Structures are given as structure tokens and as C-alpha cells.
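[1] Okay, sequence plus prediction incoming.
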Amino acid sequence: MNPYYKSFLNFLDKSPNKIIVSQRGKGKPFSIKRKIINNIDGIEVERVLGSYSFLELGIFKDIIELLCTSENKYIIRGDAMKYKFGYGDLSTDSIEGFVAEKYFNAKKGKTVFRRVSAITNILVQSGISEHGIGTLKLKI
């Protein structure tokens, strides 16, 4: 098992209750809790994702793997606020684009629901990564 992913799972399992996650900038903290829904292990995110509040653990495992294998140990966040899927800063090379395509079947030219802030803040709170300017960086 990837040691960064193992560290991430340890972070999730350290508290049987909710974990409070800080947001970058002026965003208010939100809470997460590891949960199994329909036999899928994941994270229930309260307050910031609305009715799309469940993120399966595979998302985090894949992003951690991408961070570990990327040449410079960072990935572009992506921007679902300004771009349609497949264009500009919302390509499959970005966290937002990758997750939208692989986990939510996004189609080129369509609007994508914004999840990147919750995903990156959870990874930063876990201690395995840090925010960069428009990127997420692996802590080495």
C-alpha cells in the first residue's frame, strides 16, 4: 500500500466521530466522517457539497497516486467555476477534471459540480499535501 495513502487512512480512522477540516482562505470549516454507503467506503462531507456529499475513498487513493507519480509532485487543481469540462483549467490533467471524468462520468463541454476545494482541503488537513497557487503539492 502506498505509504501516503496509508497515512491518509490513519488520519481518517484516528477519530470515530467527525473530523473538522479547515478551509483555505476565508472559508468556514466543515466536517467529515468515514462512512460506507452501498458497499462503497468513502467520506461523508457535511456542509460544503450539498446533496453530493459522499466522496468515495478511491478518489483520494487515485489523487495521492497521481501526486506521487507526477514529475514535480504536484497537480493542477482545476477550475469548474470558469470552465466547462475538457477546456482551459478543467482538463483531465487537473484534480477537478480527473475526478469529474473517472468518478462522475463528466462529458466534454458539460458543466462540472465543484468538488476540488473539499478534496484538496481534506488532503491538506491529513498532512500529506499542501496548497500551492492553483495546485496541490505532495509533502515530501
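    Perfect, thanks for sending it.

[2] Please, which helix or strand holds the nearest residue to Ser126 once chain neighbours are set aside?
    Ranked by Cβ to Cβ, 6 or more residues apart in numbering and with sequence neighbours excluded, the top spatial neighbour of Ser126 is Phe11, at 4.0 Å. In this view, the C-beta of every residue, glycine as well, is placed from N, C-alpha and C. Counting by DSSP states H and E, the element that carries Phe11 is helix 3-13.

[3] Give me the sheet partners of whichever helix or strand comes after that helix and which way each runs.
    Following helix 3-13 in sequence order, the next helix or strand is strand 19-21 (DSSP H and E). Sheet pairing of strand 19-21 (DSSP bridges) gives strand 30-37 (antiparallel).

[4] Tell me how far the residue nearest to Ser126 lies from Lys28.
    21 Å (Cβ to Cβ, to the nearest Å).

[5] re the thing from before, the helix holding Phe11 vs strand 30-37, what angle?
    For helix 3-13 against strand 30-37, the angle by axes from the mean of the first three to the mean of the last three Cα atoms, to 10 degrees is 100 degrees.

[6] now what about helix 3-13, what contacts it?
    Residues outside helix 3-13 that contact it (Cβ atoms under 8 Å, 6 or more residues apart in numbering): 19, 32, 34, 43, 57, 60-61, 64-65, 67-68, 123, 125-128, 138.

[7] same thing but 7 Å
    Arg34, Phe60, Lys61, Ile64, Cys68, Ser126, Gly127, Ile128 (Cβ atoms under 7 Å, 6 or more residues apart in numbering).

[8] show me what contacts the second one?
    I take that to be Phe60. By Cβ under 7 Å, 6+ apart, Phe60 lies in contact with Phe8, Leu123.

[9] Could you look up the SS state of it?
    Classification of Phe60 by DSSP: H, G, I helix; E, B strand; the rest coil places it in helix.

[10] The residue nearest the centre of the chain: what's it in contact with?
    Central residue check for the chain by Cα atoms, centre = their mean: the C-alpha nearest the mean position is that of Ile119, 2.3 Å away. Contact analysis of Ile119 by Cβ under 7 Å, 6+ apart lists Leu55, Ile59, Ile63, Ile95, Val99.
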